[in-house]
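Engineer: Structure here, sequence nowhere to be found:
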């Protein structure tokens with residue numbers, strides 16, 4: 001047994017509720033319900049060598065059963081928190097410590113200042129049970145014992161969302177909570193396991209066109225009918241006309257309340273096969289939404305990928321998923337049964353198959369090979385004829401000192417693509433994998449497998465891949481919505497390559513994670529690319545990255561007429577995203593108002609932006625060039641610029657005659673005098689001087705009345 005030493009420290013006066021080690025601080029953070037030691041940040045290494053030696057002696061005495069010792073005041077930071085702390089979370093990026101306890105308040109601390117919290121988040125009606133800081137989303141998640149979930153902005157500390165028990169209907173006492181950044185879901189355990197998925201509706205103020213109301217999961221193009229089929233998280237399937245971008249029809253609840261996770265057309269293009277989170281596969285007549293057959297595998301685990309293969313004129317449907325097995329169904333139209341079960345599993349699959357969830361599957365009809373990849377980064381090549389394992393592939397970590405962490409999902413291989421156009425060439429790379437760690441790997445599957453090339457397309461890494469029909473263009477997308485198109489014609493055909501393939505085009509297609517790609521060919525001489533994202537939109541692009549339109553927009557396009565394309569415009573949400581503003585413009589906008597007022601407004605919004613966007617091929621020049629400048633609040637107020645008028649001297653009032661003492665002719669003379677007096681009133685313009693207080697410069701209303709029929713005017717001001 002290894003030599004393990006430990007030390008016992010007397011830190012809290014009550015039960016220790018939670019304990020974490022933060023490598024960034026080189027400290028252990030612990031909390032308790034005792035207010036005087038609500039949360040304590042204690043160093044692991046002493047501040048001096050003498051103290052380290054004393055600690056070593058203390059560790060030896062502790063091993064012999066001696067009592068616990070107290071830390072030195074220089075080695076720990078103690079936070080006094082009213083009613084103690086039940087849970088906490090620490091963020092290295094923001095350098096903040098968030099605590100929650102029995103007083104129902106969420107406190108935000110500077111880890112180096114223990115006197116007073118920097119912010120208080122109020123709103124919970126019960127003790128805080130769980131806290132989490134998501135650096136990628138810039139949010140703080142808090143859950144109280146009454147099962148109320150609140151989402152806060154980590155920067156301005158505003159409440160973004162609140163979900164109570166009446167909304168999610170989770171019953172029972174909570175025992176554990178976990179938030180997953182990748183799936184954006186909160187798992188809550190009571191007497192059962194419940195999952196709350198976070199659904200975002202972003203950029204509604206920009207009036208961005210949405211294809212679905214939920215995140216897009218898969219896209220397929222049918223070349224026989226020239227239609228696009230899309231599916232989303234709410235189990236809705238829509239059919240679109242690619243020549244105009246118009247909606248044809250839709251059908252809901254394809255898999256009940258479960259999401260549609262994968263789709264594929266059969267070889268005839270008349271039937272659509274879908275797989276869902278309910279573990280079922282369904283075959284549809286997608287033209288009318290009729291379910292023809294339901295395919296059931298051995299378990300109800302989620303289906304992650306489904307393909308349609310042909311082996312010796314026999315047609316099969318192959319699916320993989322969280323059951324870690326390869327499920328094969330015969331594709332026949334002779335059966336009269338509405339339900340169909342999978343064939344027996346391959347022997348090698350049961351004995352030496354994957355030990356983790358399978359994420360992707362692809363087939364090469366030229367060599368009768370099947371490739372599967374799993375969450376732990378293992379790729380297995382199978383023989384479609386015999387069902388035996390052909391070889392195993394596993395990419396090494398780029399840095400040997402930092403191996404992949406399977407718990408964080410770094411080792412996962414999300415997408416596999418066979419380069420079938422290269423045939424049976426044994427010297428070339430015929431398999432492209434997306435992952436691990438966002439790297440793109442080109443594999444030669446022969447002689448045990450060999451990595452021919454690997455590269456990372458961006459800082460975020462690749463999330464999904466796709467190749468065109470003749471295997472000359474590779475498309476990659478990441479979690480930030482960026483797309484890169486590579487020219488892979490002749491790449492890794494004669495040997496290994498150190499440099500990545502040439503980039504044909506790169507652009508930002510979406511503001512969120514790209515989930516799927518689909519190349520479209522055969523319509524014109526050019527190829528097109530479909531992209532689907534978590535931002536609920538499916539967009540069509542040319543092979544050069546020119547924006548054509550979004551499925552669901554009101555304006556029609558003609559696929560054969562480039563004049564109807566949206567290019568050189570870009571999607572509104574992409575244009576409004578702050579990451580797309582050039583650095584020069586961002587610095588100009590962030591500068592002081594006094595400096596901006598000294599510069600000419602036309603220079604800022606015409607010259608600087610024109611130079612910046614000419615360097616980037618000017619795709620957004622029209623929008624940004626005519627963008628209105630920042631509003632200034634200097635100068636006179638609005639009411640100072642209103643025209644004012646001054647009344648001339650009012651004629652003297654006359655005493656009203658007594659009607660009974662005058663004859664009718666005198667009454668008519670009085671009426672004529674009154675009309676003449678009212679016509680003599682004239683208006684002269686009056687402009688007040690700025691900075692001088694005047695009754696006329698303030699907003700007021702004048703009321704004029706004719707009193708007693710004598711032509712007198714009474715003026716009253718409000």
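Structural biologist: Nice, I can see it. None of these values were measured; they are calculated from a predicted model.
Engineer: Beta-bridge partners for the nearest residue to residue 464 once chain neighbours are set aside, please?
Structural biologist: What sits nearest to residue 464 in space, not counting adjacent residues and going by Cβ to Cβ, 6 or more residues apart in numbering, is residue 477, at 4.9 Å. Glycine gets a C-beta too; all of them are placed from N, C-alpha and C. Going by DSSP bridges, residue 477 is paired in beta bridges with residue 464, residue 483.
Engineer: Surely residue 477 is in contact with residue 483?
Structural biologist: Yes - counting by Cβ atoms under 8 Å, residue 477 touches residue 483, with 5.3 Å between them.
Engineer: In terms of neighbours, single out the busier of these two.
Structural biologist: When neighbours are counted by other Cβ atoms under 10 Å, residue 477 and residue 483 differ, and residue 477 comes out ahead with 29 against 23.
Engineer: Against residue 534, how distant is that one?
Structural biologist: Applying Cβ to Cβ, to the nearest Å, the value for residue 477 to residue 534 is 11 Å.
Engineer: How about residue 402?
Structural biologist: Distance of residue 402 to residue 534, given as Cβ to Cβ: 28 Å.
Engineer: residues contacting residue 86?
Structural biologist: Going by Cβ atoms under 8 Å, 6 or more residues apart in numbering, residue 86 touches 17, 18, 31, 33, 100, 101, 102, 127, 128, 129.
Engineer: is it fair to say residue 36 lies in a helix?
Structural biologist: Yes - secondary structure assignment places residue 36 in a helix (DSSP: H, G, I helix; E, B strand; the rest coil).
Engineer: pretty sure it is in contact with residue 80, am I right?
Structural biologist: Yes - in this structure residue 36 lies within contact range of residue 80 using Cβ under 8 Å: 5.9 Å.
Engineer: Quick check: neighbours shared by the two?
Structural biologist: Listed contacts common to residue 36 and residue 80 are nil; contacts here mean Cβ under 8 Å, 6+ apart.
Engineer: so what's in contact with residue 477 and residue 483 at the same time?
Structural biologist: By the contact definition Cβ under 8 Å, 6+ apart, residue 477 and residue 483 are jointly contacted by 509, 514, 531.
Engineer: Include pLDDT and neighbour count when you put those into TSV, please.
Structural biologist: Written out in TSV, the entries for the shared contacts of residue 477 and residue 483 read as follows (pLDDT from 0 to 100; neighbours: other Cβ atoms under 10 Å):
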residue	pLDDT	neighbour count
509	93	24
514	94	25
531	96	24
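Engineer: Would you reformat the residues you listed as TSV and include secondary structure and distance to residue 455?
Structural biologist: Listed next are the shared contacts of residue 477 and residue 483 as TSV, based on DSSP: H, G, I helix; E, B strand; the rest coil; distance: Cβ to Cβ, whole Å:
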residue	secondary structure	distance to residue 455
509	coil	20
514	strand	18
531	strand	21
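Engineer: for the residues you listed, which one is nearest residue 146?
Structural biologist: Sorting these by distance to residue 146 puts residue 514 at the head of the list, at 37.9 Å, by Cβ to Cβ.
Engineer: The closest one contacts residue 478, correct?
Structural biologist: Yes - under the criterion of Cβ under 8 Å, residue 514 makes contact with residue 478 at 6.8 Å.
Engineer: Mind listing the shared neighbours of those two?
Structural biologist: Both residue 514 and residue 478 are contacted by residue 463, under the criterion Cβ under 8 Å, 6+ apart.
Engineer: show me where the stretch 501-650 of the chain has strands.
Structural biologist: Assigned by DSSP state E, counting those that start in this stretch, the strands in the stretch 501-650 of the chain fall at 503-508, 514-520, 528-533, 538-542, 547-550, 644-647.
Engineer: what's next to the first one, contact-wise?
Structural biologist: Outside strand 503-508, the residues that touch it by Cβ under 8 Å, 6+ apart are 473, 480-487, 541, 543-545, 570, 574, 577, 579-580, 619.
Engineer: how does it look with 10 Å?
Structural biologist: Among residues not part of strand 503-508, those counted as contacts by Cβ atoms under 10 Å, 6 or more residues apart in numbering are 457-458, 472-476, 478, 480-488, 529, 541-547, 570-571, 574-575, 577, 579-580, 617, 619.
Engineer: Give me the angle between it and strand 538-542.
Structural biologist: With axes from the mean of the first three to the mean of the last three Cα atoms, to 10 degrees as the basis, strand 503-508 and strand 538-542 are set at 150 degrees to each other.
Engineer: partners of strand 503-508, with directions?
Structural biologist: Based on DSSP bridges, the strands next to strand 503-508 in the sheet, each with its direction, are strand 482-487 (antiparallel).
Engineer: One more: the fifth one?
Structural biologist: Sheet pairing here is set by DSSP bridges, and for strand 547-550 it gives strand 538-542 (antiparallel).
Engineer: what pLDDT, on average, does the partner strand get?
Structural biologist: Mean pLDDT, taken over the full extent of strand 538-542, equals 96.
Engineer: quick one: which of the contacts of residue 86 is nearest to residue 379?
Structural biologist: For the contacts of residue 86, the closest approach to residue 379 (Cβ to Cβ) belongs to residue 18, at 39.1 Å.
Engineer: what is residue 149 paired to in the beta sheet?
Structural biologist: Using DSSP bridges, the beta-bridge partners of residue 149 come out as residue 143, residue 163.
Engineer: Settle this for me: it is touching residue 167, isn't it.
Structural biologist: Yes - using Cβ atoms under 10 Å, residue 149 is in contact with residue 167, at 9.0 Å.
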